[in-house]
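Q: Based on what follows, work out the 3D shape:
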Amino acid sequence: MDSGGGKPGALELRTREAGCKPSPEQGNPEFTAAPGIRGFRGAKSGKDWKSRFLCLKSHRPPPPRGLPSGRRAVLLVVPGLREGRIPPTERVPRSSRLGSGGRGKTTARRKRRRAKTLSGFLEGKTGLILGVANKRSVAWGCAKALKREGMELALTYAGERLEGPVRQLAEDLGVDLVLPCDVTKDEEMDELLGRVGEHFGKLDTLLHGVAFAKREELKGTYFDTSRDGYQLAHEVSAYSLPAISRRAIPLMEEGGGSIITLSYLGAERVIPKYNIMGVAKAALEASVRYLAHDLGPRGIRVNAISSGPIRTLSASGIEGFSAILDRIAERAPLRRNIQADEVGDVCAFLASDMSRGITGSTLYVDAGYHIMGI
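A: The predicted model follows:
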């Protein structure tokens, strides 16, 4: 605020009897008493108080010594103010001053209080995670987020080759229950949900993060897809969702629950070389909608997360995957790729009561790439 006259940035000190109005050439600055000091909003009598009025005449004046920064044009009325300095005996505590003084510490305290309020919003809930293979797995990013918010977890592994790595990850995360599950074998799915029921007594969240296609099916053209490759990709990546959900329903019926699966943009748009996986993911997203319809009356929600491409073990089998990452970073509105932890945060939201009104949906976590045309 420029009150007129003087050079920009000039500082004018006027000594006036307390309660006097500023002269017209000084404008009409706001009267503010510094917090923590016995100021006044207009003195009762000039005989009782004598103060110096500090008038800042420029838009962003340099703060005088001893006064807080960050205010544009503030009239401080402080008894005993001399030459722009607050006497040591009446100096305002740093955290109480006007402007930015002490604001960093205060803001940090607010953030800590807010974080404390929000953290642990999944305490008392239980979850089963399918699809963790290593620390780069999207399902692993989801598991970390769910555990961070207080959920009790059980992890699964597919085959002896992955048992060691998954058990090590579970130990690092503080998860005790680690069980085998090959979704192509009904008996293993039956055993899995039976053990989970014995351990937890209920199930609040089921994360379906399994998908598979033969490496040779992710090269060349889609019309070269083999019959066996087509069937295997759909059995593991799509049919396994209703199959495992059917077994989880008895553990969810009493208090409701959340079923979450992981998808990709290739389910609805052509991603070169994604081939049969794109078709299987399309079937997976259709399954989400039909399951949401059937399970809604039971209080069970079903949703999918469509994440941007992430450099996982399965992604390494897609021909030209590095070029896909570069394209996303160049074209996505946020001009970057996605990390598994970001998908995990959305997973935690869908597992919580905060998403209680969402079902049958696909949520995109892809830096906005799905909105782009050409």
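Q: correct me, but residue 333 touches residue 366?
A: No: using CB atoms under 8 Å, residue 333 is not in contact with residue 366, being 9.8 Å away. C-beta: built from backbone N, CA, C; applies to glycine.
Q: Neighbour count for those two, which is higher?
A: Comparing residue 333 with residue 366 by other CB atoms under 10 Å, the one with more neighbours is residue 366, at 25 against 12.
Q: leaving aside the residues next to it on the chain, what's closest to the more buried one?
A: residue 308 (3.5 Å; CB to CB, 6 or more residues apart in numbering).
Q: Which positions within the longest helix anywhere in the chain qualify as buried?
A: Across the chain, the longest stretch assigned as helix under DSSP state H is helix 275-295. Using 16 or more other CB atoms under 10 Å as the test for burial, helix 275-295 gives 275-281, 284-285, 287-289, 291-292, 295.
Q: got the residue ranges for the strands in this structure?
A: Secondary structure of the chain by DSSP state E: the strands cover 11-17, 30-32, 50-56, 74-79, 126-130, 152-157, 177-180, 205-208, 257-264, 300-307, 362-365.
Q: Send over the longest helix of the chain as PDB, restricted to the C-alpha atoms.
A: C-alpha atoms of helix 275-295 as PDB (Å, rounded to 0.1, in the frame of the first residue of the first chain):
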ATOM      1  CA  ASN A 275      -1.600 -57.100 -26.500                       C
ATOM      2  CA  ILE A 276      -3.400 -59.800 -24.600                       C
ATOM      3  CA  MET A 277      -2.800 -58.100 -21.200                       C
ATOM      4  CA  GLY A 278      -4.900 -55.100 -22.500                       C
ATOM      5  CA  VAL A 279      -7.700 -57.500 -23.300                       C
ATOM      6  CA  ALA A 280      -7.400 -59.300 -20.000                       C
ATOM      7  CA  LYS A 281      -7.400 -56.000 -18.100                       C
ATOM      8  CA  ALA A 282     -10.500 -54.900 -20.000                       C
ATOM      9  CA  ALA A 283     -12.200 -58.100 -18.700                       C
ATOM     10  CA  LEU A 284     -10.900 -57.300 -15.200                       C
ATOM     11  CA  GLU A 285     -12.500 -53.800 -15.200                       C
ATOM     12  CA  ALA A 286     -15.800 -55.200 -16.500                       C
ATOM     13  CA  SER A 287     -15.600 -57.700 -13.600                       C
ATOM     14  CA  VAL A 288     -15.300 -54.800 -11.200                       C
ATOM     15  CA  ARG A 289     -18.500 -53.300 -12.300                       C
ATOM     16  CA  TYR A 290     -20.500 -56.600 -12.200                       C
ATOM     17  CA  LEU A 291     -19.100 -57.500  -8.800                       C
ATOM     18  CA  ALA A 292     -19.900 -54.000  -7.400                       C
ATOM     19  CA  HIS A 293     -23.500 -54.600  -8.500                       C
ATOM     20  CA  ASP A 294     -23.800 -58.000  -6.900                       C
ATOM     21  CA  LEU A 295     -22.000 -57.200  -3.700                       C
END
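Q: what does that helix rub up against?
A: 211, 213, 217-218, 220-222, 225, 229-230, 233-234, 237-238, 241-242, 245, 249, 259, 261, 263-264, 266-268, 270-271, 301-304, 306, 318, 359-362 (CB atoms under 8 Å, 6 or more residues apart in numbering).
Q: Those, buried ones only, as a PyMOL selection?
A: Buried residues among those (16+ other CB under 10 Å), as a PyMOL selection:
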select buried, resi 211+213+217+218+225+229+230+233+234+237+238+241+242+245+249+259+261+263+264+266+267+271+301+302+303+304+306+318+359+360+361+362
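Q: Out of the contacts of helix 275-295, which sit inside helices?
A: 229, 230, 233, 234, 241, 242, 245, 249.
Q: could these go into a markdown table alongside distance to residue 325 and pLDDT?
A: As requested, the ones in helices among the contacts of helix 275-295 are arranged in a markdown table below (distance: CB to CB, whole Å; pLDDT from 0 to 100):
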| residue | distance to residue 325 | pLDDT |
| --- | --- | --- |
| 229 | 25 | 97 |
| 230 | 27 | 98 |
| 233 | 22 | 98 |
| 234 | 26 | 98 |
| 241 | 27 | 99 |
| 242 | 32 | 99 |
| 245 | 32 | 98 |
| 249 | 38 | 97 |
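Q: now the helices for the stretch 51-200 of the chain?
A: In the stretch 51-200 of the chain, the helices defined using DSSP state H, counting those that start in this stretch lie at 103-118, 138-148, 160-173, 186-200.
Q: can you put these in a markdown table and add mean neighbour count and mean pLDDT?
A: A markdown table is the format used below for the helices of the stretch 51-200 of the chain (neighbours: other CB atoms under 10 Å; pLDDT from 0 to 100):
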| stretch | mean neighbour count | mean pLDDT |
| --- | --- | --- |
| helix 103-118 | 11 | 52 |
| helix 138-148 | 24 | 97 |
| helix 160-173 | 14 | 95 |
| helix 186-200 | 15 | 97 |
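Q: Show me the one of those helices that comes nearest residue 327.
A: helix 138-148 (19.4 Å; CB to CB).
Q: show me what contacts residue 192?
A: 128, 156, 179, 180, 181, 247.
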